[in-house]
Every structure is written in structure tokens, then in C-alpha cells.
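J.: please find the sequence and the predicted model below.
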Amino acid sequence: MAVDKDTVAGIAKLARIKVDDAEQEALTKELSNILGWIDELGELDTEGVQPMTSVVEVQHSLRKDVIKDGDRQDDILKNAPESKQGYFVVPRVVE
Amino acid sequence: MADYRLQGDTGEWEVVCGLEIHAQIISDSKLFSAAATEFGAEPNSQVSPVDAGMPGMLPRVNQFCVEQAVKTGLGLRAEINRWSAFERKNYFYADLPQGYQISQYLHPLVGEGTVYLDMPDGSVVPVGIERLHMEQDAGKSLHDQEPGKTYIDLNRSGVGLMEIVSKPDITSPEQAGAYVNKLRSILRYLGTCDGNMAEGSMRCDINVSVRKPGGDLGTRCELKNVNSVRFIMQAIEAEATRQIEILEDGGEIEQQTRLYDPDKRETRALRGKEHAHDYRYFPDPDILPLIVENDWVERIKASMPELPDEKKQRFIDEYGLSAYDAGVLVAEQAYADFFETLAKGRDPKLAANWFTGDFFGALNKAGVELDAAPVDSAKLGELLDLIADETISGRIAKDVFEEMWETGKPAGQIVEDKGLKQITDTSELEGIVDKIVADNPDQVAQVQDGNQKVKGWFVGQVMKATGGKANPKLVNEILAKKLG
Amino acid sequence: MADTPSRPTEMTLAQARDALANGELSSKELTQAHVQAVESARQLKAYITETPERASTMAEAADARRQKGESRGPLDGVPIAIKDLFCTKDVLTTAGSHVLDGFTPPYESTVTSKLWDAGAVMLGKTNLDEFAMGSSNETSYYGAAENPWRRQGDNRPLVPGGSSGGSASAVAARAALGATGTDTGGSIRQPAALTGITGLKPTYGRCSRFGIVAFASSLDQAGPMARTVRDCAILLGGMAGFDDNDGTSVDTPVPDYEAALTGDIRGLKVGIPKEYRVDGMPREIEELWQQGLDWLKDAGAEPVEISLPRTHYALPAYYIIAPAEASSNLARYDGVRFGLRETAGSSLDEMYEATRAAGFGDEVKRRVLIGTYVLSAGYYDAYYNKARKVRTLIAQDFAEAYKQCDVILAPTSPNAAFGVGELADDPIAMYLNDVFTVPASLAGLPALSVPAGLDASGLPLGLQLIGRAFDEETVLRAGEVMEKAANFTAEPAFVAGR
């Protein structure tokens, strides 16, 4: 399926990637090509087939409720571009 | 109970509400990581790299959280889905470190159930539960620390939540309030959530729509994060009123997310929602489907405490209480336990009256919780015993109770010290009655003319003369005899 | 196997292990030789980060253990390279992306931690396609790693394949005895084939994914890359195993993989999937494939014609599933808690958009956008769910095939190494490089690429053996038989230290 520029702009917004006009143009073409190729899947009859959730045929083993992590504020913050008083700091969120 | 209706210019309107309650699961560690869940620690000190969404970190489901959710599902009389799945809800927010919330969407752990509301008039209203699913909590954003900045604390990030979604069965603010209280009560009985709305461990979103009685469901608006029972009730009324005004002006309701402002008593649309959310849910490939075996559910079932509804019925059957009293007593496990200790070997109605009357009054006045009250069930029981064996009258008992509350002294000692023992000596009382009768010939005449009210005046005079210590039954008998 | 070479960097991992064991060589000497090799191979850009000091400390510790008779086994003192997708505590971890600028994890991946516990020595972190998205290494923010091979009479640089191109290049150039890779749709096998080395993608769930920067979680799997099948077997033994930190890792015992190399494949049924004979397959690849089958037949295996009818749809299904998962996995690179932050304007959303625009390269953006699109409202069923159904069918195809055979033989890649820049402008042509590797990835099966011959221009070509789930042993056993028969002794144009 071909996508148009507005669709590309919309998904770029959803994905929070700034895409300028020229890039939008190029991406519209590239994504349309890729999606066109992917569309081959439509040929295959998948009526009644269960979608695969996991290739591993075991169930998730559950974790015991034990505190074994935390109390490592320095580790958590050391890579932060900005932090103060033990908090991560970001530009003001407008509610 | 009469149906709740709002009066508009064009006639009556019905309100239809569905509630989504987010309840923090009581557990030591988080839903997907081994960091602690405790409230109020240093910022970012209860965070594992998993909770901070660091590269390569993987979620691991906490077995106890699943158990808590199953327990809650059973408490809501709901079906437990033996196969459920975690999915990712994708959106960007500063306190959502992974860029997605792990939740359950298509395949929740718990399916349909029912909660019964105990209304003040004694009626019981069933509210359907649509589902209960597990998900992780987000961190917290602080907007007031520094101009132009938001501070992020991830301590809460990853704490287990149960989202409990009701069916749109709630048709008045009172029912909404009763629903939240009942749910809170069930969760607290089960020990699966502490129900503390002030600290945010229980949070409420409300879907509100209005319609003409019996008409089709209207377009709904969602009120986010309304965080007390009182505000929930106010918010529903405010939002319903707003919608009715729009509809009666010929307008249409726009489906949107709104916030309730308790100061202005009105709701307002959330800003910044110009592009609709598209959460792109898909099964979380890091978490294999959750299988809950039958025998596990059976073991959980066997460990369930008696829940408010069963307890209420038992109180009615066993103690002969009214539905209303029983409902009040079972609202909190601690109340129910207090009552049962108090009622043991005593008159249950007397116990219920004292507990829900004077004792609750004193609690409210002092603004303390039950466990901090200066009078415990043993002490109150002693007081009831003194009433039962007619050592003191009910009237004197109220004074003794006040003294007990203030000083913490036992009832017997107060009665002893203050000489409050009831006068049950017939001859002593006869002497007092004779004197009053002799001193008040006019009143005697009125009684003899058939004015029964004045009989009560004589009782009062005897009580006054004895400092309230006269046995009321004896006084009535003697008066009847003397006044004819 | 040839006599043990005098140059320690030209030993196989197994030879080095033996030399360490019998005292001919210390880990310090072995490691020093490799540290020099890493330096002298810098032109290949195989490594993003070199860790010579750490290597030296680890080597000394290994020697000390050995002297006390406390050797930790075959990997103790063996210098290896780590794909820079594995988080290594306090060592820069980039995933080949600008967006992870300066990121030093406060934790170690389970696989690397097992390797260090086994005594392995870390030479450094190897180059890769950004977030492992690519088949040529050209999408790395740190510049494309180069293939040490050259076409005959042509000195133009070639790609080492991808995404584990740096690991492949380092091992091929003798700048590491072995390396870790990760394989999502072919990222171990294809670069192994293109650089003339051996690479194994284990069964999904065999190695823990904990601490590996996620690309597509339902497909990602760590595995060994080395110059021989035996070396891969030894390395896999150090990497595999259940991990309580990864809910998708499988709790099943780790066998002695080296012991599986018995050389005896008599009666082994080798499946040849007819659907892998794709149109336009170069004749030399088809011939090599036949040659591979003949080698196995000569050793007593029985060829079986099999059918994997949905093969054609594996690649498009993969290019829905992998980007969909990636679009979500990469949401955490938002400039808040680690890595790059670009501030533009004053709002949080502007920061997100600027950070991710600057931090991600073109291929990553393409895939994140495709993934976002196929998951979005209205397209989920047509794309994502459809692809998951196709995946079920592809897994069923393999299950059917394994009723008739024990292992499947196929080419690894439809072509030998190509020139830098040759496919850079054509994403789909690049994606087609994974045509033979993706089906096993979707089905979660173990698959090994073994160098089997050279093409007309003198570049290595690989053959792939795909096994049943958790049957790495059969794959390795058959692989070693094929390796012996192929007697692949050709060497790349560039060998470190020569």
C-alpha cells in the first residue's frame, strides 16, 4: 500500500521523530516501496490461523516477590543528560 | 430508592456512569522488577534499571502480584481467565521510561464480575464488572520545582496496578460513591490494595454520559483522576449538568478527556490533545502468555477471607442486625472485628448501637482511626456489661463513656469513683417520689386528668434529684403506682 | 586441522585453549598479541571501543588462576570481542547509534557476564549496524566496518555483512579468537558467510537476551562467531543457559557442545528445501549448495527433498514483525535518562522529536516509521496480525519438514560480500540479503553458517545448516563434517600483524 506525505508526517509525529519537508518526500517514496513489497503477504490465505505470540512453547516463569534491586540512585541517574536533587530533569511538561 | 434524575429545561435526564479504578497492588517488589514499592522514599532510590527503561532490560512478572489480582477477581465474583497476555500500550510521556506501558488489553486476567452496593436506604444495587487487568504504574512528574522544568521521579514506575473497569451500570453520584467505597472495602479486606485515595494508591477515572430516561446511551466524556469519593460525586453532577446544557441548547457532546476542578466545581477539557492517541497495542514479546492453573486458583480461593457481603449477611442472620447497621459494620474489616469482639456474649443490638452511635461519634469528633482510639473493644464491653446488669443506666453510661474516652480509665472504676451506681433500692426511690409528688400537687392533678406527658416530667424530676442514677424502670413503676 | 601456527592470533580458539592448558602460552601473551592485532587492524573499523587495559587485567587474572590450578575451563584466558549491542558494565555501549552517546551501563548483560565468569578476556566492543538494523554494517554511526577480504585484483572495500559486521571482520582478520554476535534475521550468519568465518544463531531462548540492546525481541538471539565450528561450540557453551532475568529464556540443560562433534553423521537425514532455489540465484551458489550436500552424503548422510511452502512470505513477514517490535523497543531513546539529548524549542515533545531525529540514522528511522505504521489503528490486522499468522505457518512448515529430516541445508546468503555503498540506496535489495536466513529466525530455530568455498572473484561463500529447536548439537556435528570436507583454508587479503 502506498502512503502519502500526510500519513508519513502523522506516523513521524506518533514516533516522535522530527522529519522535515524534504525528508518527508523521500520517506514517502521509500515507505511506499517497502509497503508495496510487504503487500505480497496478502496473497497468502491465513484464514483460521492463530497469530504467533511467541516461538517459545513454554510459559513465562513467574518471579518471587522479593526485593533484590533498587537503592542505586547514582546508577540510575549517572547517564542522565540532566538531573538535579535526585530527579531526572526535562523541559517543562504542559498538561 | 428513587431513581436519580437531573431536571433540565426539556424535562428529566438520566446519568450513566462507568468507573475505571486503578488500584495499586500491595506487594514488596514491583510488577516487573525486584525494586521496592514502598511509598515516600528518596527520589529514584527505588528504581531498578528495568523500571528506568534502560537498554536491554527485561520485565519479569511478579508471581505475588498475579496472585493478588486473582484474589481480587475472586472477590469481585469474577471469572479468572486461565490464559491472559501482556501487551504494550505505546505512547511518549516523561514519566513513562520505556515509551510504552505494559498492560493487558485483548486478554485480561479477570473477566466479568459483580459488585453489590449497599445504599443508605438498605437497598442493594448490583454493578457489573467488565474486567480487571494488570498493568504497571508510571513514575511521577513534578512541575513546580523550577521554572520551565519538570522533575521526574521513577520510584512509582513499575508498581503493579489493577485496573478495574465497571460496566456503565452506575446511575447516580450516590451510587458512584457507594461503588468506590465498596470496592475499596473489598480490596482492603483482601489485602490487595490499601485503598488510600489521598496517596494515590487508588485512583478513579469516570465515564459520564446523559440520556433521556430509557433513551439510547449518549456520547461519554472521561473525567481523569478524580481522587476522593466526595469529588467523584460532585464531578459526576457537574459533568452531567454541563452535558445537559449543551444538549438542550441543541449542541452535541464531543467525546473527550476532561478534568474536574473541585474549586470551581466544573470540568474542563484537557489541553494538548490535538492529535488523537493511537496506542498501537501489541503483545509484549518479552513476556510469554500468563497461564493461571486451576489448582493455583483453588489454593487462592481457599485462602480468601470472609468478604463484606458474606459478613453482612451473617451479621443480619447471626446477630439480628438491620441491613443498614450490618452494612456500616462490615465496611471495614477492623470495624467488623471490633464489633464481633464486643458482641461476644452480649446483646448484639446493644453492641451495634453503642459502636455505631457513641463510639463512631467519638472517633469522628477526635478524627482518629479505630486502632488509635483510647477505648478498645474490651473496655467498651465492660461498659456494656455495667448497663446489662443494671449497675448503671444507659443515660449514665454515656457520661461514663465520655470519661473513658478522655481518661482511658475503665468503666467500673469511673462508676466507683464517682458513685454513679444506679439506685435500685425501691424504698429509697419511693421516698424521693413521695416528696416530689407532695411538692407538686398541680402536676399530679394534670396527670390524673389524663395528661400523660406530665408523667415524663415526673421521671425527669426523679432523675434530677438522683443525679440521673435512678433505675428508670423502677422509677416508672413507682410513679405508676403513686400517680395512679 | 593444520599444525598449530606460531602466531597466537592465527590459532583457532581451540588451539589457543590447548596451548594455554599445556602451558605453551600464557593468557597474557595471547592477549597481548591480540591487543596488538586489534590496533593494527584499526583500518577495518571492526571495533568501536578497544579495552586493552581491561584485557590485560583479565588475562593476568586468568594466568594467576591457572597457576593455582583453578582454571575455569576452555574459555579461561581466551581473548574475544563483544558486539557493541551487549551492555557491558562501565564500558561505553553504543549499539552503533548516535542516540546512545556516552552511555555506560550500570549492569552487565547475562551472556557477557557468563563469558567473564568462564574466564574469557574482553578485547573490546565491535562495530555493528545501528541497533543491529542492516546487512552491511553501513548504518553504523561509527562508520562502516570493512571486510578484510577483497575481490581478486580489486582493492575496493567490501562490506563485512551485518549486523554483526564488526565481530565478523575482527574474527576474519585475526583480531579476535572469537566474538559474540546477535542474530535477528541473519545478523550472525550472513556476516559470517561474507567474511569466511563460522557463526551460529542458537535456538530462540537458548541464550539470555538480558542486557542486549533490543531490536526485535521475539527474534533477537545471541550467538558465537569464530573461525571454526569447534570454536563456536566452545563459545556457545560459555554463552548459553537459562536466565531468571529473561522470561523468554528456556530452562533446559546446556549440553557439552564440543562433545557433540563426533564426526559421525551416518544416517543423518539432510533436508533440501526446494523453495530455496530462488530465481536468479547465482550458479556458483547453487553449485556450492550441491557440493555441500555431496560432502554430507559422502560422510553417510541421506539427502531428502523437502518443502517449506511459505518460504517466499518469510521476508515480508519479517519486515513487518521486526520493525513493529523495534518501533516500540526504540521508544526509550528519548533523551530523558541516558544518551543524546537535543534541545529544540522549549517543550518536551520538541526535545523528543529533535533528539530522535538527530540520534537515529536513516535506516533506523525507516524501520521505526514502518513499525509505527503497521501497528497503527486500522492497519494492525492487515499487516502486523497477518505477519504473525504467516509466522505461525512458517513455523509449521519447519515442523512438517522435520518429520522427514534431521537438519536442513541451504545457502546462507544469495551473494558474496558486496562493495561499500553498492546497495545503500536500495533498502529492499539490502533486505533480500536475508532471504535464506530469515525463515529460521521466524521459526526460532538454530542455524549455523559454515564457510564452504569461494566465488569466482575469490570471495567466501557460506552454507547454512538449520536444526530442530534446541538441537544445536546436530547442527554443529554436521557443520564440522562439512567444514572438514570443505577444507576452507583461504585467507582474507588483510590479516592483522602480517
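T.: Here it is on my side, so go on. Numbering: from 1, shown residues only, chains lettered A, B, ... in the order given.
J.: contact partners for the spatially most central residue of chain B?
T.: Geometric centre of chain B, nearest residue: residue B:181, 3.3 Å, by C-alpha atoms, centre = their mean. Residue B:181 makes contact with B:229, B:331 under the criterion C-beta atoms under 8 Å, 6 or more residues apart in numbering or on different chains. (Glycine included, C-beta is placed from N, CA and C.)
J.: any weak-confidence spans in chain A?
T.: Low-confidence segments of chain A, defined by pLDDT under 70: A:59-60, A:95.
J.: re the thing from before, three-state assignment of the residue nearest to the centre of chain B?
T.: Each residue gets one of three states, and residue B:181 gets helix by DSSP: H, G, I helix; E, B strand; the rest coil.
J.: separation between it and residue B:327?
T.: The spacing between residue B:181 and residue B:327, counted by C-beta to C-beta, to the nearest Å, is 10 Å.
J.: wait, what's in contact with the spatially most central residue of chain A?
T.: Centroid-nearest residue in chain A: residue A:15, 6.9 Å away (criterion: C-alpha atoms, centre = their mean). Residues near residue A:15 by C-beta under 8 Å, 6+ apart: C:327, C:356, C:368-369, C:372.
J.: what does it show for phi and psi?
T.: Backbone geometry at residue A:15, expressed as degrees, to the nearest 10, gives phi -90, psi 0.
J.: state the distance from residue B:83 to residue C:205.
T.: Separation of residue B:83 from residue C:205 (C-beta to C-beta): 20 Å.
J.: who has more neighbours out of these two?
T.: Using other C-beta atoms under 10 Å in any protein chain shown as the criterion, residue B:83 and residue C:205 rank with residue C:205 on top: 27 against 11.
J.: look up the closest residue to the more buried one, ignoring the ones flanking it.
T.: Leaving aside its sequence neighbours, residue C:205 sits nearest to residue C:250 (C-beta to C-beta, 6 or more residues apart in numbering or on different chains; 3.8 Å).
J.: ok, now residue C:485?
T.: Using C-beta to C-beta, 6+ apart and skipping residues adjacent in sequence, the residue nearest residue C:485 is residue C:295, 3.6 Å away.
J.: does residue C:256 belong to a helix, a strand or coil?
T.: Secondary structure, three-state DSSP: residue C:256 is coil.
J.: OK, contacts around it?
T.: residue C:237.
J.: so which residues on the stretch 151-300 of chain B come close to chain A?
T.: For the stretch 151-300 of chain B, the residues in contact with chain A (C-beta under 8 Å from any C-beta of the partner chain) are B:151-154, B:270-272, B:275, B:278, B:280, B:283, B:285, B:287-291.
J.: so which of these are in strands?
T.: Judged by DSSP state E, those include B:151-153, B:283, B:290-291 as members of strands.
J.: can you redo the residues you listed as a markdown table with pLDDT, neighbour count and distance to chain C?
T.: What follows is these, written out as a markdown table (pLDDT from 0 to 100; neighbours: other C-beta atoms under 10 Å in any protein chain shown; distance: C-beta to the nearest C-beta, whole Å):
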| residue | pLDDT | neighbour count | distance to chain C |
| --- | --- | --- | --- |
| B:151 | 97 | 22 | 11 |
| B:152 | 97 | 28 | 7 |
| B:153 | 97 | 21 | 12 |
| B:283 | 96 | 23 | 8 |
| B:290 | 94 | 21 | 10 |
| B:291 | 94 | 13 | 13 |
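J.: reformat these as CSV; add distance to residue C:85.
T.: Below are those laid out as CSV (distance: C-beta to C-beta, whole Å):
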residue, distance to residue C:85
B:151, 32
B:152, 27
B:153, 30
B:283, 23
B:290, 29
B:291, 31
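J.: residues of chain B that sit close to chain C?
T.: Counting by C-beta under 8 Å from any C-beta, chain B comes close to chain C at B:49, B:52-61, B:88, B:90, B:92, B:94, B:97-100, B:148, B:150, B:152, B:278, B:280-282, B:285-288.
J.: could you pull out the helices for the stretch 151-300 of chain C?
T.: Listed in chain order, the helices of the stretch 151-300 of chain C (DSSP state H, counting those that start in this stretch) span C:165-172, C:189-195, C:229-239, C:283-298.
J.: could you check how far the longest one is from the centre of its chain?
T.: A distance of 23 Å separates the C-alpha centroid of helix C:283-298 from that of its chain, computed with C-alpha atoms, centre = their mean, to the nearest Å.
J.: other residues contacting that helix?
T.: Outside helix C:283-298, the residues that touch it by C-beta under 8 Å, 6+ apart are C:265, C:268, C:270, C:272, C:277, C:303, C:409-411, C:414-415, C:452-453, C:455-456, C:461, C:463, C:478, C:481-482, C:485-486.
J.: now the angle from the following helix or strand past it to helix C:283-298?
T.: Under the assignment DSSP states H and E, the closest C-terminal helix or strand after helix C:283-298 is strand C:302-306. Inter-element angle recorded for strand C:302-306 and helix C:283-298: 130 degrees (by axes from the mean of the first three to the mean of the last three C-alpha atoms, to 10 degrees).
J.: who does strand C:302-306 pair up with?
T.: Strand pairing for strand C:302-306, using DSSP bridges, gives strand C:269-273 (parallel).
J.: residue C:356 reaches residue A:13, doesn't it?
T.: No - assessed by C-beta atoms under 8 Å, residue C:356 is found out of contact with residue A:13, at 11.4 Å.
J.: between these two, who's got more neighbours?
T.: Using other C-beta under 10 Å as the criterion, residue C:356 and residue A:13 rank with residue C:356 on top: 26 against 16.
J.: separation between that one and residue C:334?
T.: From residue C:356 across to residue C:334, the span is 7 Å (C-beta to C-beta).
J.: quick check: neighbours shared by those two?
T.: Joint contacts of residue C:356 and residue C:334 (C-beta under 8 Å, 6+ apart) are residue A:16.
J.: so what secondary structure elements neighbour the longest helix along chain B?
T.: Of all the segments of type helix in chain B, defined by DSSP state H, the longest one is helix B:229-248. Counting contacts by 3 or more C-beta pairs under 8 Å, 6 or more residues apart in numbering or on different chains; DSSP states H and E, helix B:229-248 is packed against strand B:6-8, strand B:11-24, helix B:173-190, strand B:202-211, strand B:221-226, strand B:257-261, strand B:266-269.
J.: how about those in JSON lines, adding mean pLDDT?
T.: Formatted as JSON lines, those follow (pLDDT from 0 to 100):
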{"stretch": "strand B:6-8", "mean pLDDT": "93"}
{"stretch": "strand B:11-24", "mean pLDDT": "97"}
{"stretch": "helix B:173-190", "mean pLDDT": "97"}
{"stretch": "strand B:202-211", "mean pLDDT": "97"}
{"stretch": "strand B:221-226", "mean pLDDT": "94"}
{"stretch": "strand B:257-261", "mean pLDDT": "95"}
{"stretch": "strand B:266-269", "mean pLDDT": "94"}
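J.: okay, the ones you listed in JSON lines with distance to residue C:430 next?
T.: Output for the helices and strands packed on helix B:229-248, formatted as JSON lines (distance: least, C-beta to C-beta, whole Å):
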{"stretch": "strand B:6-8", "distance to residue C:430": "64"}
{"stretch": "strand B:11-24", "distance to residue C:430": "45"}
{"stretch": "helix B:173-190", "distance to residue C:430": "54"}
{"stretch": "strand B:202-211", "distance to residue C:430": "46"}
{"stretch": "strand B:221-226", "distance to residue C:430": "45"}
{"stretch": "strand B:257-261", "distance to residue C:430": "43"}
{"stretch": "strand B:266-269", "distance to residue C:430": "47"}
